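okay, predicted coordinates and the sequence, questions at the end:
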Number of protein chains: 2
Amino acid sequence: MPLSTKRKENYSKWYNELVVKADLAEISGVRGCMIVKPYGFSIWEKMQEILDKMFKNTGHKNVYFPLFIPKSYFSKESNYIDGFSKECAIVTHYRLKKSEKEGIRVDPQSKLEEELIVRPTSEPIVWESYRRWIQSYRDLPILLNQWANVVRWEMRTRLFLRTSEFLWQEGHTAHDSRSEAITETEKMIEIYTAFSEKFMAIPVIQGYKTPLERFVGAKQTYCIEAMMQDGKSLQVGTSHFLGQNLSKALDVKFTDNFGNTDYVWATSWGTSTRLLGAMIMTHSDDHGLILPPKIAPIQLVIIPAYINKMQLDTIEKVVLPIKRSLEKQGISVKYDNRERYNWGWKLNEYEVKGIPLRIVVGQKEIENREVELFRRDTMEKKMLPQKGIVNSISELLEEIQKNMLQKALIQRNYLITEVDNYDDFKEILNKKGGFLSAFWDGSVETEEKIKKETTASIRCIPFNSLTEKGLCIYSGKPSFQRVFFAKSY
Amino acid sequence: MPLSTKRKENYSKWYNELVVKADLAEISGVRGCMIVKPYGFSIWEKMQEILDKMFKNTGHKNVYFPLFIPKSYFSKESNYIDGFSKECAIVTHYRLKKSEKEGIRVDPQSKLEEELIVRPTSEPIVWESYRRWIQSYRDLPILLNQWANVVRWEMRTRLFLRTSEFLWQEGHTAHDSRSEAITETEKMIEIYTAFSEKFMAIPVIQGYKTPLERFVGAKQTYCIEAMMQDGKSLQVGTSHFLGQNLSKALDVKFTDNFGNTDYVWATSWGTSTRLLGAMIMTHSDDHGLILPPKIAPIQLVIIPAYINKMQLDTIEKVVLPIKRSLEKQGISVKYDNRERYNWGWKLNEYEVKGIPLRIVVGQKEIENREVELFRRDTMEKKMLPQKGIVNSISELLEEIQKNMLQKALIQRNYLITEVDNYDDFKEILNKKGGFLSAFWDGSVETEEKIKKETTASIRCIPFNSLTEKGLCIYSGKPSFQRVFFAKSY
């Protein structure tokens, strides 16, 4: 029972169908906002748990700053007005009144003296506090993170990828030197990379953003870009070296141990529920979601096949001890002996939801001391002896994790094409998509023109790209490095 | 180095000083909103972790609903307008513009067709979804919880206790029968009670709210009330049996297994960062915070007393293995060998922050194979042999946890007074405070009059109170049960 839409027919429709059928999230009645349903949220919790541990192991602490930012805070760093506050949710009043005509209306008497912006990001309010908290180098570094909801008004929304409200984490750090801040920025992009590849099984390209694509107020934006199955790129994490831009705008200074004062060095970094969207689009197939074992809230489902209570009893004598042994090994198991669902519906549910492994045990399996094992990533079925099953399952989960990254890597690498002239660029972009590795003259003009003509943007200047002489595919001017272009989400 | 304000001098000033000096939270520049600082947030995380496990163990799943609720959703259940939407944050626009005069202003062109309310609670939006999700009894029960920020506009704020934005969890469940919904309501108040007493060491009174004090739209509100050191009561958790009020207002029906349709039965329950305030006010003293070991993010701090590197090396050979052994037992230890702080400042920091145990090891302790142990709850110092220290510490942490609950219980019980006439009521309320157990005639009029005249409200009708005949202390009318009055936060 595959999804009714196939990826090849309509990728976007397939994605929406999958998100709903796998019960991950749905559109709410509130403009551009999503409801993350229990199954989707349990995946997000798993992601949070792992990332949070990585942050804490590198010395970061969690904190909570207010949801609202007074309008005037945005005026201090003019970049923020352009970058964020244009499309945002603005609180202007604080009281409703019953009214005979309208039922309920905003009380005009309750107008706020200063409007409050629902945070699109928290730099302005975090750094207002940092100014109060930082006097000397002894107060540094400050390494904070917060898990929060943020709002950026979006006209065209897509579940997980682009919604007016989304969940994310935002790190905000303050340092007494440029080099320490750069080290932090790099450390965090490495953490995001490790998380994406080792846990989410999403291979990523690490690189710098061009000045045009940089985060507002950043001196340098480091990013990781993932390639979706439809040939579009998706930015899954960014880490920004903000230099002294913020501290100068907000006047945040520190005294060093020689008594000199200087502006504080800043970074910020974030990743969001988008990453969940990236995972869906990297791994899933026409049957539904495929979850990497390290992220799957349920790694294995055990289903007894029985027609009466006596059969069920016999089966449970075998499968319940197996379940307990697996759980002792830290494997998360769901046991599903529900009667009321029909068989096909039941099996399909776990396929759509992407549970990595499924075990079915019936009379025949009991007799043969076997289990019927189904592996979601390859859709293979095979018999497995009950003896040594805990080891077999542990190994299989490892193998699936590796296989999913490998498969995604092959697909991603297939979608990187070197192009050396603009005609090829346009043809491959439209026929095949993916990353186009091409020479660029380094100018904003060229970048903007290519974007306007093809909708492809420079996703990143890869960290590991070689210095190589060539000519810009658009202007013909000399270039010293290939950059990655792509259409993107 | 105790706090500069003593509890007896000015309890409220003492509380504010403690919250700031222990680095738990601070007032932000944003009206009525707080910043929860890393140490305060780590306590909240610990509380979340325990509660979340308790919710999940009883079959609840986490979910995320939108921050914004369209104004019209509030009109459907008229109680909500009175109860919540009066004082709330209202989003009316979605774009800012640069303006030469004002720098930055709200774009009048971006006015929303329908205003959005920043959630003061989520019933209206949750039940909009439940209407879509529920058709038959097979879809029930729905047992969901969400950890979220909520906003209720407050004119007078106090850190943790009353802020315009606060963090909480809200459970929303749907059932096919009245009795199952009542069982759920009771189960959750039991969970809150167990959490408060076993983990937070806060003794609570379980009871029902009077109709006047009930949650909007609730048929019955179950609550737990804690008594603060200053004789004021603080509600730390509530669980509401909502009956069919919500489902009738929003038309949420289900078909039972005989094909009959009926309205769905609802509960909701919540606890918030207030509970952290309750913990501070239950346990702390003039030296600062005292944390129950089961909630303390750091249970033990180890401080080496040294004057040179050689001494430190000798001490570390002893204390670092102790640290590792303690951590293996699941005890969270901080090792503080910072040089740059002076000794008194260092010791005081951990006292103010309420770390349950502190160990100091210097030359003398090394020679005597002892450690100097300081116990925060009793402020006692004693020498402890290094041999068997892991067991000693484990036992001490258990003992502190018990002792804190016991101490709080004695204090709380001292603050319960039976009164049988209104003169005694007023005198004891003003001189001693605490819970006044008194006969009430059951009328809203009497309740309101007493509240107006004394500021004391009925905190709860205790679950376990005996049927007892008496006369209402205010009206002299017959009464069959004592209720608990108190001034409250």
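Noted; the coordinates are in hand. Residues are numbered from 1 along each chain as shown, chains lettered A, B, ... in the order given.

give me every residue that touches residue A:383.
Taking Cβ atoms under 8 Å, 6 or more residues apart in numbering or on different chains, we find residue A:383 in contact with A:365, A:368, A:370-373. (Each C-beta comes from the backbone N, C-alpha and C, glycine too.)

how close does it get to residue B:59?
The spacing between residue A:383 and residue B:59, counted by Cβ to Cβ, to the nearest Å, is 34 Å.

and what of residue A:60?
For residue A:60, the distance to residue B:59 (Cβ to Cβ) stands at 33 Å.

give me the more crowded residue out of these two.
Using other Cβ atoms under 10 Å in any protein chain shown, the more surrounded residue of residue A:60 and residue B:59 is residue A:60, with 23 against 11.

surely the more buried one is in contact with residue A:144?
Yes - counting by Cβ atoms under 8 Å, residue A:60 touches residue A:144, with 6.6 Å between them.

which neighbours do these two share?
With Cβ under 8 Å, 6+ apart, residue A:60 and residue A:144 have common neighbours A:171, A:173.

re earlier: scan the contacts of residue A:383 and report the most crowded one.
residue A:371 (24 neighbours).

didn't that residue look like it was pressed against residue A:389?
Yes - with contact defined as Cβ under 8 Å, residue A:371 counts as touching residue A:389 (6.7 Å).

could you name every residue contacting both of the two?
Joint contacts of residue A:371 and residue A:389 (Cβ under 8 Å, 6+ apart) are residue A:322.

and residue A:131, which of the three is it?
Following DSSP: H, G, I helix; E, B strand; the rest coil, residue A:131 is assigned to helix.

neighbours of it, just the number please.
For residue A:131, the neighbour count with other Cβ under 10 Å is 14.

how about residue A:54?
For residue A:54, using other Cβ under 10 Å, the count is 17.

what's the angle from the host helix or strand of it to helix B:38-57?
Using DSSP states H and E, residue A:54 falls within helix A:38-57. Counting by axes from the mean of the first three to the mean of the last three Cα atoms, to 10 degrees, helix A:38-57 points 150 degrees away from the direction of helix B:38-57.

partner strands of whichever helix or strand comes after helix A:38-57, parallel or antiparallel?
Later in the chain than helix A:38-57, the nearest helix or strand by DSSP H and E is strand A:61-62. In the sheet, strand A:61-62 lines up against strand A:142-151 (parallel) (DSSP bridges).

helix or strand next in line after the strand it pairs with, which one?
strand A:165-175.

average pLDDT across stretch A:66-83?
Stretch A:66-83 carries an average pLDDT of 81.

near residue A:398, how many other residues are there?
When neighbours are counted by other Cβ under 10 Å, residue A:398 registers 12.

repeat for residue A:399
Count around residue A:399 with other Cβ under 10 Å applied: 14.

residue A:335 too?
For residue A:335, the neighbour count with other Cβ under 10 Å is 16.

that one contacts residue A:312, correct?
No - using Cβ under 8 Å, residue A:335 makes no contact with residue A:312, being 11.6 Å away.

residue contacts, the residue of the stretch 351-489 of chain A found nearest chain B?
Going by Cβ to the nearest Cβ, chain B is nearest to residue A:353 of the stretch 351-489 of chain A, at 14.0 Å. Counting by Cβ under 8 Å, 6+ apart, residue A:353 makes contact with A:22-23, A:39, A:288-289, A:291, A:298.

now for chain A, the helix or strand with the poorest mean pLDDT.
The helix or strand of chain A with the lowest confidence, counting by mean pLDDT, DSSP states H and E, is helix A:78-80 at a mean of 68.

ok, whatever helix or strand comes next after that one near chain B or not?
Counting by DSSP H and E, the element after helix A:78-80 in chain order, helix or strand, is strand A:87-99. Yes - shown here: strand A:87-99 in contact with chain B (Cβ under 8 Å from any Cβ of the partner chain) through A:87-98.

also stretch A:30-45?
Yes - Stretch A:30-45 lies within reach of chain B by Cβ under 8 Å from any Cβ, at A:30-31, A:33-38, A:41-42, A:44-45.

buried ones in that stretch?
Neighbour counts using 16 or more other Cβ atoms under 10 Å in any protein chain shown place A:30-44 of stretch A:30-45 among the buried residues.

show me what the helix holding residue A:54 packs onto, helices and strands only.
Contact here means 3 or more Cβ pairs under 8 Å, 6 or more residues apart in numbering or on different chains; DSSP states H and E; on that basis helix A:38-57 packs against strand A:142-151, strand A:165-175, helix A:178-194, helix A:274-283, strand B:61-62.

ok, back up a step: next step: the contacts of residue A:383 restricted to strands.
Using DSSP state E, the members of the contacts of residue A:383 that fall within strands are A:370-373.

turn the residues you listed into CSV, including pLDDT.
As requested, the ones in strands among the contacts of residue A:383 are exported to CSV (pLDDT from 0 to 100):
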residue, pLDDT
A:370, 97
A:371, 97
A:372, 97
A:373, 97
